[in-house]
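Enquirer: Generate coordinates for the sequence data below:
(one chain, ligands or ions: 3)
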Amino acid sequence: MVASDQGGMQAVPRHVAVIMDGNGRWAERRALPRAAGHRAGARAVRATIEHALRRGIAALTLFAFSSENWQRPAEEVGLLMQLLLEALDREVAELGANGVRLHFAGDRSRLAPLLVERMDEAARRTAGGRQLDLLVAVAYGGRWDIVQAARTLAAAVAAGRIDPAGVDETTFAASLATAGRPEPDLFIRTGGERRISNFLLWDLAYTELWFSDTLWPDFDERIFDAAISDFASRQRRFGRTAAQVGRS
Ligand code: IPE
Ligand code: IPE
Ligand code: MG
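Expert: Ligands and ions are numbered 1, 2, ... in the order given. From the prediction side, this is the model:
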């Protein structure tokens, strides 16, 4: 199969974006506290990153905490933040050694200063990674990103730095927190729900969607490979006809 930006078949997605859902139900089924599900979920994150490296995926975006997740009980929010902090302390050195560039997208205004500091430090320490671009969406919402991009551009227009006519899809995309990476080729959501839940609203415009009933802590390389091989069977037409993009 031939990799192509213009449509047609592509064997391995360049960019995979994942909604890691189902930690709570995984725990509930085992009569464990939801916290146990989130801890098991963190282990699945590690395995997923390793498999993305093995498969030569260039970019991975993981949804760790949404704008709406702030509405969960304070205790659960606190635990999720604590797990993120612990994962950074534990994993950053190895990620860096494996050529992973780790960075974050989201509204930092409600995050603890210590966590923001560790996120910045992790990004600094892994900035040279060239094997895998790993973006973790924390306190992220697709609508938040679109609004902050609009605000950035509005300020630039008000300051006379750009002309309103200069605001187009390219400049807009460049103002998003997710800028500077190829758009996602493959979207994966575990946990059985068939919805976007305010994930990458702009970025997913032409992404191939793949849903699994597997709960996130059970996500493994076999299921990841099933998603990749389903992706490889799809013909991406980007509005063109099948004849235009060709069969392979
Ligand atoms: C995903 O698992 C993790 C986060 C949203 C932080 P959930 O916690 O949403 O698990 P379910 O959907 O309740 O099973
Ligand atoms: C989406 O999962 C957010 C993350 C996985 C971080 P949710 O469990 O919060 O989504 P909804 O509420 O079921 O749509
Ligand atoms: Mg959920």
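
Enquirer: residues contacting residue 62?
Expert: Going by Cβ atoms under 8 Å, 6 or more residues apart in numbering, residue 62 touches 17, 18, 20, 45, 48, 134, 135, 136, 137. All C-beta atoms are positioned from the backbone trio N, CA, C, and that covers glycine.

Enquirer: The closest residue to residue 205 other than its chain neighbours: neighbour count?
Expert: Leaving aside its sequence neighbours, residue 205 sits nearest to residue 183 (Cβ to Cβ, 6 or more residues apart in numbering; 7.2 Å). When neighbours are counted by other Cβ atoms under 10 Å, residue 183 registers 18.

Enquirer: you'd agree residue 183 is up against residue 238?
Expert: No: counting by Cβ atoms under 8 Å, residue 183 does not reach residue 238; the two are 10.9 Å apart.

Enquirer: So for those two, which residues contact both of them?
Expert: residue 206.

Enquirer: Tell me, how many residues neighbour residue 142?
Expert: Number of residues near residue 142 (other Cβ under 10 Å) recorded here: 22.

Enquirer: tell me the SS of the closest residue to it other than its chain neighbours?
Expert: Take residue 142 and drop its neighbours on the chain: the residue closest to it by Cβ to Cβ, 6+ apart is residue 201, 3.1 Å away. At residue 201, secondary structure determined by DSSP: H, G, I helix; E, B strand; the rest coil is coil.

Enquirer: dump the residue contacts of residue 201.
Expert: Applying Cβ under 8 Å, 6+ apart to residue 201 gives the contacts 142, 143, 145, 146.

Enquirer: In helices, which of these fall?
Expert: Among the contacts of residue 201, the members falling in helices (DSSP state H) are 142, 143, 145, 146.

Enquirer: Reformat those residues as JSON lines; add distance to residue 103.
Expert: JSON lines is the format used below for the ones in helices among the contacts of residue 201 (distance: Cβ to Cβ, whole Å):
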{"residue": "142", "distance to residue 103": "18"}
{"residue": "143", "distance to residue 103": "21"}
{"residue": "145", "distance to residue 103": "14"}
{"residue": "146", "distance to residue 103": "19"}
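
Enquirer: Buried members of these into PyMOL, please.
Expert: Restricted to buried positions by 16 or more other Cβ atoms under 10 Å, the PyMOL selection for the ones in helices among the contacts of residue 201 reads:
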select buried, resi 142+145+146
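
Enquirer: Quick check: phi and psi on the residue sitting nearest the centre point of the chain?
Expert: Residue closest to the mean C-alpha point of the chain, counted by Cα atoms, centre = their mean, is residue 61 at 2.2 Å. Main-chain dihedrals, residue 61, degrees, to the nearest 10: phi -120, psi 130.

Enquirer: That one against residue 15, yeah?
Expert: Yes: counting by Cβ under 8 Å, residue 61 does reach residue 15; the two are 7.1 Å apart.

Enquirer: pretty sure residue 65 belongs to a strand, no?
Expert: Yes: Residue 65: assigned to a strand according to three-state DSSP.

Enquirer: Identify the residues contacting the nearest residue to it once chain neighbours are set aside.
Expert: Once flanking residues are discounted, residue 65 sits nearest to residue 138: 5.0 Å by Cβ to Cβ, 6+ apart. Residues near residue 138 by Cβ under 8 Å, 6+ apart: 64, 65, 84, 104, 105, 106, 111, 119.

Enquirer: Longest helix in this protein, please.
Expert: Secondary structure of the chain per DSSP H: the longest helix is helix 74-97.

Enquirer: which phi and psi does the closest residue to ligand 1 within the chain have?
Expert: Using Cβ to the nearest ligand atom, residue 24 is the residue of the chain that sits closest to ligand 1, at 2.7 Å. Residue 24 adopts backbone torsions of phi -60, psi -50, taken as degrees, to the nearest 10.

Enquirer: okay but it is in contact with residue 34, surely?
Expert: Yes: in this structure, residue 24 is within contact of residue 34 by Cβ under 8 Å, at 4.5 Å.
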